[in-house]
Each structure stands twice: as structure tokens, then as C-alpha cells.
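Enquirer: need coordinates for the below:
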Amino acid sequence: MKKSNNAFYVFVLGLLIIAGGITSCGSGSDEEAEPTISSISPSTVTTGDEITISGTNLSNASVAIDFTTQTVTSNSSTSLKMRVLGSSFQLGSADVVVTNSVGSATSSINIAAYGVVINSILPATVGVGDEITVTGK
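Expert: Numbering: from 1, shown residues only. Got it, this is the predicted structure:
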């Protein structure tokens, strides 16, 4: 009888080893997780500016700014680079949403202008018909 009990224990031990191997296969680091955003640089942009989004789980992620899909020019698991595309942004704060197959992360940036930045208007005081000079990009 002793041999039969040993065979049973070897069989159960084998099942436990196999079951442990099967459950540990799915817990590897290759699994995708929700993205996170730790920073966006620069934080104030105009249309056409390049921005860098830093965070985690950014590989294969897409980006939208105020619901306008952006084209990612380069990415890694911790960084995305893109140019701000779109002409209908409202001035001020804009939501940035990074999405992958698991979930999404939201942050914000400031939209300065629609691709135009005014540095100065001279003279500061004018009358009707006076000439002014506007400088910027």
C-alpha cells in the first residue's frame, strides 16, 4: 500500500507544479497597463508646437487634445512626442487624453493662440487712423 500512496502524492505534487506554472504565465511584465501622465512639456503651446508627454505605459498609445486626435511622431513606454494639430482649439486650458488598450489618462495644457503669438503692440496708446506695429510669431 505504501507504493500506491507515494504515487498519489507524486501525482498531486505534479499537478500543483503544473498549475503553479500555468497561473504564473499570465503575471509577466509584458502585460499592458493603464497609461499615466507625469508631465507635459511645454505646458503652454500653440498649434504646430512639438510637445513631449512623459509617464508610464505609453507604448502603442494614442493622444487627443480636446477631442482632436493627434499624430504621435515617436514613442516609448515612458515618452510620447507629437506636434499640436488643430485649428479649432479654444484659448486657455485644453484636456490631453492618452489612451491605450487598457485605459486612459488625462492631463491638461494651455493653448496660447491659434499658431499666433503677439509679443507687443506699439504704440500703447493710439487714436483713430494712427498706425500700429504688431510683433510676434
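Enquirer: for D95, grab the count of nearby residues.
Expert: 12 (other CB atoms under 10 Å). No exception for glycine: its C-beta is placed from N, CA and C like everyone else's.
Enquirer: go on, the one 5 residues further on?
Expert: When neighbours are counted by other CB under 10 Å, N100 registers 17.
Enquirer: surely it and E34 touch.
Expert: Yes. The criterion here is CB atoms under 8 Å, and N100 meets it with E34 at 7.3 Å.
Enquirer: for N6, give me the pLDDT.
Expert: As predicted, N6 sits at a pLDDT of 67.
Enquirer: try V12
Expert: So V12 comes in at 65 (pLDDT).
Enquirer: so I121 bridges to which residues?
Expert: V134 (DSSP bridges).
Enquirer: still on that earlier bit, who touches both of N100 and E34?
Expert: Residues within reach of N100 and of E34 at once, by CB atoms under 8 Å, 6 or more residues apart in numbering, are N57.
Enquirer: show me what contacts T68?
Expert: Here T68 is in contact with L85, G86, S88, F89 (criterion: CB under 8 Å, 6+ apart).
Enquirer: how about the residue nearest the centre of the chain: which residues does it bridge to?
Expert: With distances taken as CA atoms, centre = their mean, V98 lies nearest the centre of the chain, 3.6 Å away. For V98, the beta-bridge partners are V63, A105 (DSSP bridges).
Enquirer: wait, it sits on S38?
Expert: No. V98 lies out of contact with S38 (CB under 8 Å); the separation is 11.1 Å.
Enquirer: give the residues shared as contacts by these two.
Expert: Here V98 and S38 have G55 as joint contacts, going by CB under 8 Å, 6+ apart.
Enquirer: can you give me every residue that contacts A94?
Expert: A94 makes contacts with I65, D66, S108, I109, N110, I111, as judged by CB under 8 Å, 6+ apart.
Enquirer: ok so, going back, report the two of the contacts of T68 separated the most.
Expert: L85 and S88 (10.8 Å; CB to CB).
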